[in-house]
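Colleague: sequence-free structure coming up:
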């Protein structure tokens, strides 16, 4: 079996794309023998949140906009980069703990918290657009 894999996908900014993209990444990780629990929970949930944020918040559901996903699986880790056409955001300011009393009733604000809880590292930077990089170490 292969121990390394790379994906570079560009797709329309449409939430209907998310499930298929996540399934494709999970298949690539499985082919590289990533741990089962990481593939059933960490990767799908964190990547779904990142893609949702890119489409809904970054691109504002703009029909003519696109999202780019780069995935790199190695013997040591999985690195996912989700790039949208938005202006970006302050990662620290936007990450809120949804378990605090003032946030329990909110319907938003859980995505970044989940990503940070399920991945080893979450970073944001500017590339050609706004990029969120998720890193998951092999266990």
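Modeller: Thanks, I have it. All values reported here derive from a predicted model rather than from experimental measurement.

Colleague: in this structure, which helix has the most residues?
Modeller: If you go by DSSP state H, the chain has its longest helix at helix 18-31.

Colleague: report how many residues lie close to residue 125.
Modeller: 12 (other C-beta atoms under 10 Å). Yep, even glycine has a C-beta here, placed from its N, CA and C like the rest.

Colleague: backbone dihedrals for it, please?
Modeller: Main-chain dihedrals, residue 125, degrees, to the nearest 10: phi -160, psi 170.

Colleague: that one against residue 83, yeah?
Modeller: No - contact criterion C-beta atoms under 8 Å: residue 125 and residue 83 do not qualify, at 9.9 Å.

Colleague: who touches both of those two?
Modeller: residue 131 (C-beta atoms under 8 Å, 6 or more residues apart in numbering).

Colleague: picking up where we left off before, helix or strand next in line after the longest helix of the chain, which one?
Modeller: Remark: after helix 18-31, the chain's next helix or strand is helix 36-37, criterion DSSP states H and E.

Colleague: and the angle for whichever helix or strand comes after that following helix with helix 18-31?
Modeller: Following helix 36-37 in sequence order, the next helix or strand is helix 43-53 (DSSP H and E). Orientation of helix 43-53 against helix 18-31 (axes from the mean of the first three to the mean of the last three C-alpha atoms, to 10 degrees) gives an angle of 140 degrees.

Colleague: what's the weakest-modelled helix or strand in this structure?
Modeller: Least confident helix or strand of the chain, by mean pLDDT, DSSP states H and E, is helix 91-94 with a mean of 51.

Colleague: tell me which other helices or strands the helix or strand following it touches.
Modeller: As assigned by DSSP H and E, the chain's next helix or strand after helix 91-94 is helix 111-118. Under the contact criterion of 3 or more C-beta pairs under 8 Å, 6 or more residues apart in numbering; DSSP states H and E, helix 111-118 touches helix 43-53, strand 121-126, strand 130-137.

Colleague: okay, angle between helix 111-118 and strand 121-126 too, please.
Modeller: Interaxial angle, helix 111-118 versus strand 121-126 (the same axes, to 10 degrees): 140 degrees.
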